[in-house]
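S.K.: mind looking at a prediction? Sequence and model below.
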Amino acid sequence: MTNEKQFSDLEQNRIDKLLRLREQGMEPYPARSERTHTNLEAIADFEKTEKDENSEPVKATLVGRIRSMRPMGKLVFTHIEDGSGTIQLFIRANDVGVEQLDLLKKEFDLGDFIQASGDLFRTRTGEVSLRTDSFLMLSKAITPLPAAKDEEVDGEIIRHAGLTDPETRYRQRYADLAVNPEIRKIFQIRANVNRAIREFMDGNGFLEVETPILQPIYGGAAARPFITHHNQLKQDLYLRISFELYLKRLMVGGFERVYEIGRDFRNEGVDRTHNPEFTQIEFYMAYADYNQVMDFTEKLLAFTAEKVLGTTELTYQGKNFDFGKPWRRIELKEGLVELAGINIDDFPEAESLAKAMKEKGLKVDPKSPRGKLIDDLIGEFLEPTFIEPTFLYNYPRDISPLAKNLPGDPQIVERFEGFMGGFELLNAFTELNDPIDQEARFLEMGRAFASDSDDDFHPMDEDYLNAMKYGMPPNGGFGMGIDRLVMLFADQANIREVILFPHLRTREE
RNA sequence: GGGCGUGUAGCUCAAUGGCAGAGCAGUGGCCUUUUAAGCCAUUGGUUGAGGGUUCGAGUCCCCCCACGCUCACCA
């Protein structure tokens, strides 16, 4: 604030206004404000009394950011916006005096916060407005907000030349939110989703817990971690990639139903369904298997939809869904026969399966284990077709090291994933609680990925095995991406739209 | 990381290799029921950064940066 060169001409202009306001005795950043009604309360109060001819005029002191200003000589119309909505101020020289009106016209700008007092009435065109008899500056904006003008045509708001550049919108989300009120609705939905899920979980006897984000060993998913360092302990730590192994330690500890809602961090590619940090809910339910978790999932999503949207039906990217109906359930092997034309039972080895996939024109990594190839087939042939809510169940063992075997088939585990809108929304399984088998799985994974790359995908978590050796009740576990769920409820195609401050590369200079 | 695309005034966008423009915002006026208010006048540019070709580059070439879409990666 000391170097004047950091202000543009437009900003310097407003700083001059700010100084003039102060000279004339109006503090541009007063410590206190008053308000008797929110804007929408004021309109509602007025409409209540309007029908009664004997009622006194409704007096109000309102606050908000100036969103439009239409000066017409000795009369100014402005719209101000507070958290509840917008209302029109009707400010006349007759009511506030010529000097005050000049002050308003000369020193107040779009983006400033104003406080106005007066009484409510209806203008000739029928809009409830505040006939202002006094006003104050509450906060002077120095940088002009990106100019946006709204036009209402048949109840629909058309925005002219607002802020649309995605880079600016994400980098300066504050400006995006300030100028595009509908963006704020997405985050209202997000908050409502979280609240609904908590309400459902709490109502079903789950305990909400918090487990470490900084972990000495990461696990519970196949993802590369972010690494950080604790100075005093002289120890590298990982930001968690899942909550799974800690939450299941709590099963050992005697909690029968636990859940956590929090942030996971995965050091991987960014695209429209992946952000490096994202929010998950995981829960673990003792004495349940994956079939019960499937049923529970349907109830959870139906409840959440009802709470957030007021109905179980929703529209996503032009398609309609109903969370009130049971999800499609497709057995993985059968789904692949049907949609990929490959019966994986015919290809018991990675080599033969890879060959069959190449014949279908797929690119195949020669080092991939069989389970990875099957996962590739899912991504290629199944996932994009799963627009309707769909459970895909019975996954290959070698890509599911924490899931329990399906009795009678050593290659298959009791695991399902939930898809919707063409992307994966959730993942769940009957949890492996046999410590001997678990250790074998860790070793298998270590071998499977040892040749894969320099990345150490699956560090052995000895302490987790120790916990399991004390005895873990049979349980079903579940993880779901909250961001992706919010995408569905807010009808957004890109995960960044549902994250307030999505990560962008830092700009040089 | 690969491919394709974008980057011009505060915002949204124009400009065959030939004077860098418009609308809105801003500034100065007029205007006492407007709502994309209107009318008159007017300011505002290192065309993302750097290099090259050319008499002349926003435009063509090279390199870099950022963003978008997409592919790869992501159990």
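M.R.: Okay, I see it.

S.K.: dump the residue contacts of the nearest residue to residue A:244 once chain neighbours are set aside.
M.R.: Nearest residue to residue A:244, sequence neighbours excluded (C-beta to C-beta, 6 or more residues apart in numbering): residue A:220, at 3.1 Å. Glycine gets a C-beta too; all of them are placed from N, C-alpha and C. Each residue near residue A:220 by C-beta atoms under 8 Å, 6 or more residues apart in numbering is listed here: A:240, A:241, A:242, A:243, A:244, A:245, A:402.

S.K.: go back to these and keep what's next to RNA strand B.
M.R.: residue A:402 (C-beta under 7 Å from any atom of the strand).

S.K.: got TSV for the contacts of residue A:220, with secondary structure, distance to residue A:368 and pLDDT too?
M.R.: Converted to TSV, the contacts of residue A:220 look like this (DSSP: H, G, I helix; E, B strand; the rest coil; distance: C-beta to C-beta, whole Å; pLDDT from 0 to 100):
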residue	secondary structure	distance to residue A:368	pLDDT
A:240	coil	26	93
A:241	coil	21	92
A:242	coil	22	93
A:243	coil	28	95
A:244	helix	24	95
A:245	helix	25	94
A:402	coil	20	93
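
S.K.: before we move on, the earlier item: quick check: the residue nearest to residue A:244 vs RNA strand B, distance?
M.R.: The gap separating residue A:220 from RNA strand B is 7 Å, by C-beta to the nearest atom of the strand, to the nearest Å.

S.K.: repeat that for residue A:380.
M.R.: Applying C-beta to the nearest atom of the strand to residue A:380 and RNA strand B gives a distance of 8 Å.

S.K.: backbone dihedrals for that residue, please?
M.R.: The phi/psi pair for residue A:380 (degrees, to the nearest 10) reads phi -80, psi -50.

S.K.: mind listing the strands for the stretch 1-150 of chain A?
M.R.: Here the stretch 1-150 of chain A has its strands, by DSSP state E, counting those that start in this stretch, at A:59-71, A:75-81, A:86-92, A:113-122, A:128-139, A:149-153.

S.K.: nearest to residue A:44, out of the ones you listed?
M.R.: strand A:128-139 (9.3 Å; C-beta to C-beta).

S.K.: quick check: which helices or strands does the closest one pack against?
M.R.: helix A:39-50, strand A:59-71, strand A:86-92, helix A:93-96, helix A:98-107, strand A:113-122 (3 or more C-beta pairs under 8 Å, 6 or more residues apart in numbering; DSSP states H and E).

S.K.: and the ones you listed, which is most packed in?
M.R.: Highest mean neighbour count among the helices and strands packed on strand A:128-139 (mean count of other C-beta atoms under 10 Å): strand A:86-92, with a mean of 22.

S.K.: who are the packing partners of the helix ranked longest in chain A?
M.R.: Ranked by residue count and defined by DSSP state H, the top helix of chain A is helix A:181-203. With contacts defined as 3+ C-beta pairs under 8 Å, 6+ apart, the packing partners of helix A:181-203 are helix A:173-179, strand A:207-208, strand A:257-265, strand A:277-286, helix A:290-309, helix A:482-490.

S.K.: could I get those as a markdown table with mean neighbour count and distance to RNA strand B?
M.R.: Converted to a markdown table, the helices and strands packed on helix A:181-203 look like this (neighbours: other C-beta atoms under 10 Å; distance: least, C-beta to the nearest atom of the strand, whole Å):
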| stretch | mean neighbour count | distance to RNA strand B |
| --- | --- | --- |
| helix A:173-179 | 17 | 8 |
| strand A:207-208 | 14 | 23 |
| strand A:257-265 | 20 | 11 |
| strand A:277-286 | 22 | 11 |
| helix A:290-309 | 19 | 15 |
| helix A:482-490 | 23 | 12 |
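
S.K.: any chance of those in CSV, with mean pLDDT too?
M.R.: Compiled in CSV, those are given as follows (pLDDT from 0 to 100):
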stretch, mean pLDDT
helix A:173-179, 92
strand A:207-208, 97
strand A:257-265, 96
strand A:277-286, 96
helix A:290-309, 97
helix A:482-490, 94
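
S.K.: out of the ones you listed, nearest to residue A:431?
M.R.: Using C-beta to C-beta, the helices and strands packed on helix A:181-203 put strand A:277-286 closest to residue A:431, at 6.9 Å.

S.K.: which other residues reach that closest one?
M.R.: In contact with strand A:277-286 (C-beta under 8 Å, 6+ apart) are residues A:197, A:201, A:206, A:242-244, A:247-248, A:250-251, A:256-266, A:292-293, A:296, A:431, A:473-483, A:495, A:499, A:503.

S.K.: my read: residue A:244 touches residue A:402, true?
M.R.: Yes: the pair residue A:244 and residue A:402 passes the contact test of C-beta atoms under 8 Å, sitting 6.6 Å apart.

S.K.: now do the same contact list for residue A:217.
M.R.: So residue A:217 contacts A:238, A:459, A:461, A:463 (C-beta under 8 Å, 6+ apart).

S.K.: that one belongs to a strand?
M.R.: No: secondary structure assignment (DSSP: H, G, I helix; E, B strand; the rest coil) places residue A:217 in coil, not in a strand.

S.K.: how much space between it and RNA strand B?
M.R.: 13 Å.

S.K.: how many residues are close by the residue of chain A found nearest RNA strand B?
M.R.: Residue of chain A nearest RNA strand B, by C-beta to the nearest atom of the strand: residue A:73 (2.0 Å). The tally of other residues near residue A:73 (other C-beta atoms under 10 Å) stands at 9.

S.K.: hang on, the earlier thing: would you mind giving the strands of the stretch 1-150 of chain A as a markdown table with distance to residue A:99 added?
M.R.: What follows is these, written out as a markdown table (distance: least, C-beta to C-beta, whole Å):
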| stretch | distance to residue A:99 |
| --- | --- |
| strand A:59-71 | 15 |
| strand A:75-81 | 14 |
| strand A:86-92 | 13 |
| strand A:113-122 | 16 |
| strand A:128-139 | 12 |
| strand A:149-153 | 29 |
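
S.K.: how about the residues of the stretch 101-250 of chain A near RNA strand B?
M.R.: Within the stretch 101-250 of chain A, the positions near RNA strand B by C-beta under 7 Å from any atom of the strand are A:105-106, A:109-110, A:123-127, A:129, A:144, A:146-152, A:160-168, A:170, A:220-223.

S.K.: list only buried entries from these.
M.R.: A:109, A:110, A:129, A:146, A:148, A:163, A:170, A:220, A:221, A:222, A:223 (16 or more other C-beta atoms under 10 Å).

S.K.: from these, which has minimum pLDDT?
M.R.: For these, the model is least confident at residue A:148; its pLDDT is 71.

S.K.: which residues does the residue nearest to that one when sequence neighbours are not counted contact?
M.R.: Closest residue in space to residue A:148, ignoring its immediate chain neighbours: residue A:162 at 3.6 Å, by C-beta to C-beta, 6+ apart. Taking C-beta under 8 Å, 6+ apart, we find residue A:162 in contact with A:146, A:147, A:148, A:179, A:180.
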